[in-house]
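1. coordinates for the following, if possible.
(chains A, B and C)
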Amino acid sequence: MTFLESFLNALMLSAGYNTAVVAIGSALLGAGSGAVGAFVLLRKRSLVSDAMSHATLPGVVLGFLTGVWLFGDGRSLPLLLAGAALTAGIGMICVDWIKANTRLTEDTAIGTVLSTFFALGMVLLTVLQSLAISGQAGLSGFLLGSTSGMLSSEAMTIAAAAGIVALIVLALFKEFALLCFDEDFAGSTGLGVRRLDIALLTLLLAVVVIGLKTVGLVLVIALTIIPPVAARFWTERVSRFVPISAAIGATGSYVGACLSASAPDLPTGALIVLILFALFAVSMLVSPVRGLMSSLLRHRRFQKIVHLRQGLLAVAHDEPILEPITRKLLIKQRYLTGDLRPTEAGWSAARRIDRDQALWNLWREEYPDEAHALADWSLKPIDEVLSPDMVADLETRLAPHDAANAAGGAA
Amino acid sequence: MSAEIFLQFDFPSILLGSLAALCCGLLGNFLVLRRQSLMGDAISHVVLPGIVLGFLITGTLDSLPMMLGAGFAALVSVGLIELVRRLGKVEPGAAMGVVFTSMFAAGVLLLEQTGASGVHIDVEHALYGNLESAIWLEAAAWGDLLRPEILATLPVSVLRLVVVNMAVIAFILAFYKELKLVSFDPLFADTLGISSKLVGTLLIVMVAVAAVAAFDAVGSILVIAMFICPAATARLLTDRLSTQLVLSGVVAFSSGIIGYVFAAFGPVWLGHDMSVSAAGMIAVVAGLIQVVAMVFAPRYGVIARRRMQRA
Amino acid sequence: MDQAANTGGRGLKEAGQSATLDPKSPFSVSGLTVAYDRKPVLWNASFTAPEGELTAIVGPNGAGKSTFLKGSLGLIPKLSGEVGVFGRPIDEARRDIAYVPQRSSVDWDFPATALDVVTMGLYRRIGWLRWPGRRDKERAHEMLALVGMEAFADRQIGQLSGGQQQRVFLARALAQDARVYLMDEPFAGVDAATERAIVDVLKKLLSEGKTVLVVHHDLETVPVYFSHVLFLNGGTVAAGPVADAFTAENLQKTYGGRLAATQLAALDEAAAMKG
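-> Alright, predicted model coming up:
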């Protein structure tokens, strides 16, 4: 069977029961982390997951030791994850405590917690090694994650937990959206900003811990950061942003897990992250909403409008045109000749724009608040933006205005 | 314990840990002040793809090509982070998260796919370092510490860190006022014609150099800890930048010594015949020192703050 | 716009031959447009600062006053526009320009003393790879004394009051010994002592023939402190000597709607000054 065949088999969920469960579990995990990560990104706390994931290491080792002590075998997934959640939770509390009680900033708090907790985990690991307990080789799987050899019961646990996280996000969607956009209002709804924040961070913690086994503690951060960052390029609205982020997370995780199952030596976590990165790169480059290429094109067009308009205004007022781009644009539009004399078309365009600008200025004097909110102010011809009645009104008012100005000038 | 054994086995490891801590700790001051603490985190994670690349291109396990690869990867990651941040208008933390996890993943994949993992590079090594492997067989007595020809036989990793430390200190001395200016008020620096972007880039290049030189000996986690904890500790103890720099250097260097001693001899004192990860212990010690500072610092510690609020 | 006459009014042909800004003007801005996310905050703003005069930049919130300063200094990207300092492009004239940013623009928790911050104004003159010497420190002390802050030289900046911090910023600008001073809301939220100190500094700068532009929010004191005024609202609305340009019509044009009580009071003040 070729690589492609086995990959397609995995994608179609027909590469064996175990692979299918792992793939579905990963997709659910991706969806959950994408959704949670989206809100966390909006709260500008993306890297908190970095501290959390590194802080799981001592917990994993402690969980292992507890397992050895209780059952004589440390390889119980629930116990390992419970330990991970415990120390990651402590790490999270430490980050908040440092931020609230010292002059240190959040990035420093995150760095402190992630390095100190992880280092503690390393020390505990070496203790474990010297104790020569069997089964500890499995622990290194938590570093980079691995789905090969995952029991289907373990995969089911992960899938179920991820599904629950996704459901909670769905249930609290409105509250989280409020928390991100209108903190004051969210505070007044009775749930409380603090409690919502804790709920969000707890969900993040859950995602990080669930993801440990699949993608590993170094890379699980990516699962909560890359999908929302990629989704951000596709929409400006939160009601779409979160589902898109979840979809990107699910797609990346599903495809990555299937790829990893189709050949040996394909680490699951790394593949999932690389697929997510590919989705991110595509989003950043080609999304028509906020992608680079469309931004660049729009910026160019915008620049052209501004320079043409300013150039023509300068012509109308007999001012010098200093900028080379403006000149080039005016010459290209045949408003100026090669030696910078206005053409007939140039004069008439200049008069038109000058009139338009005067109307715009008058409108802003009369309606300052609306003008402030309007993005097209003095960029588009006024009659394309405002109602004909309004323009006619401004026209009539501009006339005496001009007269007054002329009188003022004469005096 | 005889002087000979100490000098041959413990002394080079202590030097390695302390020197790695020192160069990272000094530069960390500016990262902490510029709210770029996690830049050290990002850079030390992308070291992995760098060394794998260095190995794949040259096929040797020499330090030099690997360090060049790591340095290259560090600079690529910094460039990518800037690109994502500026062009994509992504907030700095998230941009960092996207780039360093993806590059780390690429490193893991390369490692597994090319079979490089069979020949001695492994992720654990990159994360934990290998502090204990430094040995100095030529040393026999305390007097050797004063003999240049014997000192020259110190492990090359130690000598390399000595050079990097001198470079870091020279860099900070030479650009002290510019570093201070752009960390405090980058816009004002730009109006003076002192480019905040240029100085910021120089700083990040030095951070990459220090991270690459240090990770080989102590692993990336200790590197991250040293970029942050000593500077954060010093930040809580003083309001003067020069004092802060000196304090952070002292904290970093002594964490290296204390951490190693705890790791190597602590379990023995407790009656266990074993030793624990020295790099990990050094980072834990640095973290503990920071905890002490956060609680007990004379002016900015939690206790002092509470007392001031009550007064 | 009203500014047409001020920008030199040269014919297009002549401009085509020598595309430079007025070499006699200490600070001239022509056609400055700055946009955030394709929404122009400042549109086609032009202004030529009168030499040796004190100009207030006024306008409603969001009128682009700070943007005007930052955009012309190249601190934020501009879409179009030319800026000249005595006819030279801004990058060649950094020495001649001193900028006092808004107080909120920096981290006051930074480990630096008042003296350190003032010394920063001398960094360009000191040059790369050199440390500030004793004479630089002395000069920084003098500048602190000028704003009445000598006693606080060794104080960490975060432990100063808002007004004191503003005076430190001012002393830093003085240390630059520039020819043109651009100040962003120096009077915002300061105490009476600081307000007096700032006014003294402005007078001193004026007596030395410097050109000063100040973003100012308090219309009532415009006629008291300033000789010239620039009205901004998304672009230049009007500019000129206070006596001529500080009129009900220009206030109306800039702020829109009906004139508020403070605006009327300011006008009375202006009339009184003229009388």
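
2. now do the contacts for the closest residue to chain C within the stretch 151-300 of chain A.
-> Distances between the stretch 151-300 of chain A and chain C by CB to the nearest CB are smallest at residue A:298, namely 6.6 Å. (Each C-beta comes from the backbone N, C-alpha and C, glycine too.) Residues counted as contacts of residue A:298 (CB atoms under 8 Å, 6 or more residues apart in numbering or on different chains) are residue C:38.

3. now the helices: where do they sit in the stretch 51-200 of chain B?
-> B:63-87, B:92-114, B:123-128, B:148-151, B:156-174, B:176-184, B:186-192, B:196-237 (DSSP state H, counting those that start in this stretch).

4. between these, which has the poorest mean confidence score?
-> Lowest mean pLDDT within these: helix B:123-128, at a mean of 73.

5. hang on, the earlier thing: would you confirm that the residue of the stretch 151-300 of chain A closest to chain C belongs to a helix?
-> Yes: assessed by DSSP: H, G, I helix; E, B strand; the rest coil, residue A:298 belongs to a helix.

6. how far away is it from residue A:289?
-> Using CB to CB, to the nearest Å, we find residue A:298 at a distance of 11 Å from residue A:289.

7. shaky segments in the stretch 251-400 of chain A?
-> A:400 (pLDDT under 70).

8. residues from the stretch 1-150 of chain B in reach of chain A?
-> Within the stretch 1-150 of chain B, the positions near chain A by CB under 8 Å from any CB of the partner chain are B:32, B:35-38, B:40-41, B:45, B:84, B:87-91, B:93-98, B:101-102, B:104-106, B:108-109, B:112-113, B:115, B:123-124, B:127-128.

9. now do the helices in chain C.
-> Ranges of helices within chain C are C:12-17, C:65-73, C:114-120, C:123-126, C:134-146, C:162-176, C:192-207, C:222-225, C:242-245, C:248-255, C:261-274, based on DSSP state H.

10. quick one: which of these is nearest chain A?
-> Nearest of the helices of chain C (CB to the nearest CB): helix C:12-17, 2.8 Å.

11. just want the most central residue of the chain.
-> The chain I'm using is chain A. residue A:229 (2.4 Å; CA atoms, centre = their mean).

12. that's the wrong chain, I meant chain B
-> Taking CA atoms, centre = their mean, the centroid of chain B lies closest to residue B:223, which sits 3.1 Å from it.

13. is it correct that residue C:229 is in contact with residue C:59?
-> No: counting by CB atoms under 8 Å, residue C:229 stays clear of residue C:59, with 10.3 Å between them.

14. of the two, who's got more company?
-> Neighbour totals were compared for residue C:229 and residue C:59, and residue C:229 leads with 28 against 22 (other CB atoms under 10 Å in any protein chain shown).

15. what residues does chain A put near chain C?
-> Checking chain A against chain C by CB under 8 Å from any CB, the hits are A:103, A:298-299, A:302-303, A:306-307, A:309-310, A:313-315, A:317-327, A:339-342, A:364-369, A:371-372, A:375, A:377-379.

16. re earlier: now, of the residues of the stretch 1-150 of chain B next to chain A, which are buried?
-> B:32, B:35-38, B:40-41, B:45, B:84, B:88, B:90-91, B:93-98, B:101-102, B:104-106, B:108-109, B:112, B:123, B:127-128 (16 or more other CB atoms under 10 Å in any protein chain shown).

17. burial count for the residue in the stretch 151-275 of chain C that chain B sits nearest to?
-> Among all residues of the stretch 151-275 of chain C, residue C:156 sits closest to chain B, at 3.9 Å; criterion: CB to the nearest CB. Using other CB under 10 Å, residue C:156 has 19 other residues around it.

18. roughly how far does the residue lying closest to it once chain neighbours are set aside sit from residue B:308?
-> Distance criterion CB to CB, 6 or more residues apart in numbering or on different chains; nearest residue to residue C:156, sequence neighbours excluded, is residue B:239 at 3.9 Å. As judged by CB to CB, residue B:239 and residue B:308 stand 15 Å apart.

19. residue A:168 and residue A:204, how far apart?
-> From residue A:168 to residue A:204 the distance is 12 Å (CB to CB).

20. next: residue B:178.
-> For residue B:178, the distance to residue A:204 - CB to CB - is 39 Å.

21. compare these two (neighbour count), which wins?
-> The neighbour comparison of residue B:178 against residue A:204 (other CB under 10 Å) goes to residue A:204, with 26 against 21.

22. correct me, but the more buried one touches residue A:51?
-> No: using CB under 8 Å, residue A:204 makes no contact with residue A:51, being 10.6 Å away.

23. got the contact list for residue B:236?
-> A:102, A:103, A:104, B:290, B:293, B:294, B:297, B:300, B:301.

24. now swap in residue C:187 and tell me
-> C:195, C:198, C:214, C:216, C:217, C:218, C:221.

25. looking at those residues, which is nearest chain A?
-> Minimum distance to chain A across those is 16.3 Å, recorded for residue C:217 (CB to the nearest CB).

26. tell me the pLDDT of the closest one.
-> For residue C:217, pLDDT reads 89.

27. how about it, phi and psi?
-> phi -110, psi -10 (degrees, to the nearest 10).

28. ok, it - contacts?
-> C:58, C:185, C:187, C:188.

29. interface residues of the stretch 251-400 of chain A facing chain B?
-> So far as CB under 8 Å from any CB goes, the stretch 251-400 of chain A lies against chain B at A:265-267, A:269-274, A:276-277, A:280, A:284, A:290, A:292.

30. how about those, which pair is most distant?
-> Farthest pair in these (CB to CB) is A:265 and A:290. Separation: 37.2 Å.

31. so which of the two has more stuff around it?
-> A direct count of neighbours by other CB under 10 Å for residue A:265 and residue A:290 places residue A:290 higher, at 16 against 13.

32. count the neighbours of the closest residue to the more buried one other than its chain neighbours for me.
-> Nearest residue to residue A:290, sequence neighbours excluded (CB to CB, 6+ apart): residue A:233, at 4.6 Å. Using other CB under 10 Å, residue A:233 has 24 neighbouring residues.

33. next: residue A:289.
-> Residue A:289 has 13 nearby residues by other CB under 10 Å.

34. what of the one 4 residues further on?
-> The burial count assigned to residue A:293 is 12, neighbours taken as other CB under 10 Å.

35. likewise for residue C:118?
-> With other CB under 10 Å as criterion, residue C:118 counts 29.

36. before we move on, what's the pLDDT of residue A:405?
-> 53.

37. run through the stretch 151-275 of chain C and note the low-pLDDT ranges.
-> Applying pLDDT under 70 to the stretch 151-275 of chain C picks out residues C:257-258, C:274-275.

38. sorry, back to before: helix, strand, or coil at the residue nearest to residue A:290?
-> Of the three states, residue A:233 takes coil under three-state DSSP.

39. quick one: buried residues of stretch C:100-107?
-> Within stretch C:100-107, the residues that qualify as buried are C:100, C:101, C:102, C:103, C:106, counting by 16+ other CB under 10 Å.

40. these also near chain B: which ones?
-> C:101, C:106.

41. from the buried residues of stretch C:100-107, which is closest to residue B:200?
-> residue C:106 (15.6 Å).

42. relative to residue C:192, how far out is that closest one?
-> On the measure of CB to CB, residue C:106 and residue C:192 end up 24 Å apart.
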